[in-house]
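Asker: quick check, what structure comes out for this input:
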Amino acid sequence: MSYVVRKIRTAARSLPLFLIPLLAANDTLAEEKPRADKHYIGLMVTALNHRTIGEQTNEAAWGSAGTLIVGGHITDLFHAELRAGGGFKDAEVPESNLTLAVDYFASWYIGLHYPITDYSNIYGQFGFSFISGEATLENPGADANRQFQDLEGEFPDSGFSVSWVAGMDFEVMDDTFLVFEGGKLFKDTGSDVNTFQFSGGLRYEF
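Answerer: Next up is the predicted model:
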């Protein structure tokens, strides 16, 4: 009986030692940097969908680009960011000899993000973009190409445009998020071509 009592007393004295790692973990969580003080960087692959191309047939064509993101959290719910992107695959318009190239673009956004689980958020953001590119039209006199003659040269005619994005992210590692999003990059007021952006990639917060 005395042996059992001694074992219980020894276990009771040792109990605080087992609590030390738990208390240390709680202190670490309490000291975790608030999201409002964090910044982030991201890298995404972007598909560019050009729509309403041409005065008659309203064609659509796909190109692609890479996008670099640098931003920061203003509060726990609001963020602001800058983006810079460059095209690496031009869009070839079907049934024509027209090619649309987005050489580079730069965007500024302010947005709202909202957590839907402990590891994912939905977000939307609105801003402005500057776009530089070129439309190349071979054999402009051909019947299939005549509706695109006004597009040839600088593309888009209006370099500045309103942009917006909506998306969702998932935390796959600590402070590392897998991101999927879509939105409008620009509307060319000269030709009425609308270009939408669909992106996927990674974002790291620090």
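Asker: for residue 128, grab the count of nearby residues.
Answerer: With neighbours defined by other CB atoms under 10 Å, the count for residue 128 comes to 13. The C-beta positions use only the backbone N, C-alpha and C, and glycine is treated the same way.
Asker: how about residue 124, secondary structure?
Answerer: strand (DSSP: H, G, I helix; E, B strand; the rest coil).
Asker: residue ranges with poor pLDDT in the chain?
Answerer: 1-32 (pLDDT under 70).
Asker: per-domain residue ranges of it.
Answerer: 1-32, 33-205 (automatic domain parsing).
Asker: looking at those, which is buried most?
Answerer: domain 33-205 (a mean of 17; mean count of other CB atoms under 10 Å).
Asker: ok, which stretches of this structure are strands?
Answerer: Counting by DSSP state E, the chain has strands at residues 39-53, 59-73, 78-89, 91-92, 98-115, 120-137, 153-155, 160-173, 176-187, 194-205.
Asker: now those strands in TSV, with distance to residue 147?
Answerer: As requested, those are exported to TSV (distance: least, CB to CB, whole Å):
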stretch	distance to residue 147
strand 39-53	9
strand 59-73	9
strand 78-89	23
strand 91-92	16
strand 98-115	9
strand 120-137	10
strand 153-155	15
strand 160-173	22
strand 176-187	19
strand 194-205	17
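Asker: tell me which of the ones you listed lies nearest to residue 144.
Answerer: strand 98-115 (9.2 Å; CB to CB).
Asker: so what strands line up beside that closest one?
Answerer: strand 78-89 (antiparallel), strand 91-92 (antiparallel), strand 120-137 (antiparallel) (DSSP bridges).
Asker: CSV for these, including distance to residue 107?
Answerer: Output for the strands paired with strand 98-115, formatted as CSV (distance: least, CB to CB, whole Å):
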stretch, distance to residue 107
strand 78-89, 4
strand 91-92, 19
strand 120-137, 4
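Asker: and of those, who's closest to residue 183?
Answerer: strand 120-137 (8.1 Å).
Asker: report the inter-axis angle for that closest one versus strand 59-73.
Answerer: Orientation of strand 120-137 against strand 59-73 (axes from the mean of the first three to the mean of the last three CA atoms, to 10 degrees) gives an angle of 140 degrees.
Asker: report the distance from strand 120-137 to the chain centre.
Answerer: 10 Å (CA atoms, centre = their mean, to the nearest Å).
Asker: would you put the C-alpha positions of that strand in PDB?
Answerer: Extracted C-alpha coordinates of strand 120-137, given in PDB (Å, rounded to 0.1, in the frame of the first residue of the first chain):
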ATOM      1  CA  SER A 120      -9.200  29.100 -46.200                       C
ATOM      2  CA  ASN A 121     -10.500  32.500 -47.200                       C
ATOM      3  CA  ILE A 122     -12.600  34.000 -50.000                       C
ATOM      4  CA  TYR A 123     -11.700  37.500 -51.300                       C
ATOM      5  CA  GLY A 124     -12.500  40.200 -53.800                       C
ATOM      6  CA  GLN A 125     -10.600  43.200 -54.900                       C
ATOM      7  CA  PHE A 126     -11.000  46.200 -57.100                       C
ATOM      8  CA  GLY A 127      -8.400  48.400 -58.700                       C
ATOM      9  CA  PHE A 128      -6.700  49.800 -61.800                       C
ATOM     10  CA  SER A 129      -4.300  48.400 -64.400                       C
ATOM     11  CA  PHE A 130      -1.900  49.600 -67.000                       C
ATOM     12  CA  ILE A 131      -1.400  47.300 -70.000                       C
ATOM     13  CA  SER A 132       1.000  47.400 -72.900                       C
ATOM     14  CA  GLY A 133       0.800  45.100 -75.900                       C
ATOM     15  CA  GLU A 134       0.500  44.700 -79.600                       C
ATOM     16  CA  ALA A 135      -1.900  43.300 -82.200                       C
ATOM     17  CA  THR A 136      -0.300  41.800 -85.300                       C
ATOM     18  CA  LEU A 137      -2.400  41.200 -88.400                       C
END
